[in-house]
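Visitor: Got a sequence here, can you model it:
(2 chains)
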Amino acid sequence: GAVVSQHPSRVICKSGTSVKIECRSLDFQATTMFWYRQFPKQSLMLMATSNEGSKATYEQGVEKDKFLINHASLTLSTLTVTSAHPEDSSFYICSARLAEETQYFGPGTRLLVL
Amino acid sequence: GENVEQHPSTLSVQEGDSAVIKCTYSDSASNYFPWYKQELGKRPQLIIDIRSNVGEKKDQRIAVTLNKTAKHFSLHITETQPEDSAVYFCAAIPLGQGGKLIFGQGTELSVKP
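Guide: You can find the predicted model right below:
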């Protein structure tokens, strides 16, 4: 299958700082990428849909000014958690859409905010 | 919007037994239903999927059934093995919503040797 990478795999930051997470499709172009958040022992919750060259579409209840998404190229989407707080600590997973129903997940980024 | 409910939340079986996980969805326009297996700390991996024009699909020990009228679909794992232990998620892709996945709550399957 296609390969999607995420960087970093793990990050620890202080409360109030911003953290950027990158999601790359390595061997295909993705006009659409998705960002999910997963708390321990819970399901994946869709945060936003990232569209190349246009603004992201956020799910209800997700603060767009806190979770900044940029999809500047067909192989890269970034999620920036601004002014991170301990409650933002979570596992963030991206996926890249290859075709109508086919999307491939990145390995995830574990964020810990102290 | 689409809502996917999944049961049970935990399931423990003896090695060799079968395991069944059930999901229901709310949006009759949804037309694609994948199942994912997620091991601790790792990415979800697609194990099988089914489209709305098909009632059943099988791949070795794994099968999925879909009842469009009742809006529910199920995952069946036969001859379970300890390496099947993981969290399983069902999902649905609502038609015309850009391919976004709506996940069920997950089922933690434990296969005891």
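
Visitor: need the strands for the chain, in chain order.
Guide: Just so you know, I chose chain A. All strands of chain A, identified by DSSP state E, fall at A:4-7, A:10-13, A:19-25, A:32-38, A:44-51, A:57-58, A:67-73, A:76-81, A:90-97, A:103-105, A:109-113.

Visitor: you looked at the wrong chain, it should be chain B
Guide: B:4-7, B:10-14, B:19-25, B:32-38, B:45-51, B:56-59, B:62-67, B:72-77, B:86-92, B:102-103, B:107-112.

Visitor: Nearest to A:Ala30, out of the ones you listed?
Guide: With Cβ to Cβ as the criterion, A:Ala30 lies closest to strand B:45-51 of the strands of chain B, at 16.2 Å. For the C-beta atoms, the positions are set from N, CA and C on the backbone; glycine is no exception.

Visitor: could you give the angle of that closest one to strand B:86-92?
Guide: If you take axes from the mean of the first three to the mean of the last three Cα atoms, to 10 degrees, strand B:45-51 sits at 30 degrees to strand B:86-92.

Visitor: For strand B:45-51, name the packing helices and strands.
Guide: Here strand B:45-51 touches strand B:32-38, strand B:56-59, strand B:62-67, going by 3 or more Cβ pairs under 8 Å, 6 or more residues apart in numbering or on different chains; DSSP states H and E.

Visitor: Spell out which residues of chain B are next to chain A.
Guide: Counting by Cβ under 8 Å from any Cβ of the partner chain, the residues of chain B close to chain A are B:32, B:34, B:41-45, B:49, B:89, B:93, B:98-106, B:108.

Visitor: can you rerun that using 7 Å?
Guide: Taking Cβ under 7 Å from any Cβ of the partner chain as the measure of proximity, chain B contacts chain A at B:32, B:42-44, B:89, B:93, B:98-101, B:103-106.

Visitor: From A:Leu111, how far off is B:Arg61?
Guide: The gap separating B:Arg61 from A:Leu111 is 36 Å, by Cβ to Cβ, to the nearest Å.

Visitor: before we move on, what about A:Trp35?
Guide: 12 Å.

Visitor: the more surrounded of those two?
Guide: Neighbours per residue, other Cβ atoms under 10 Å in any protein chain shown: of A:Trp35 and A:Leu111, the larger number sits with A:Trp35, 26 against 21.

Visitor: Not counting sequence-adjacent ones, nearest residue to that one?
Guide: Residue nearest to A:Trp35 in three dimensions, not counting chain neighbours: A:Met47, with 4.6 Å by Cβ to Cβ, 6 or more residues apart in numbering or on different chains.

Visitor: what does A:Ser54 give?
Guide: Nearest non-adjacent residue to A:Ser54 (Cβ to Cβ, 6+ apart): A:His71, at 7.8 Å.

Visitor: Pull the contacting residues for that neighbour.
Guide: Each residue near A:His71 by Cβ atoms under 7 Å, 6 or more residues apart in numbering or on different chains is listed here: A:Met33, A:Ser50, A:Asn51, A:Glu52, A:Ala56, A:Ser77.
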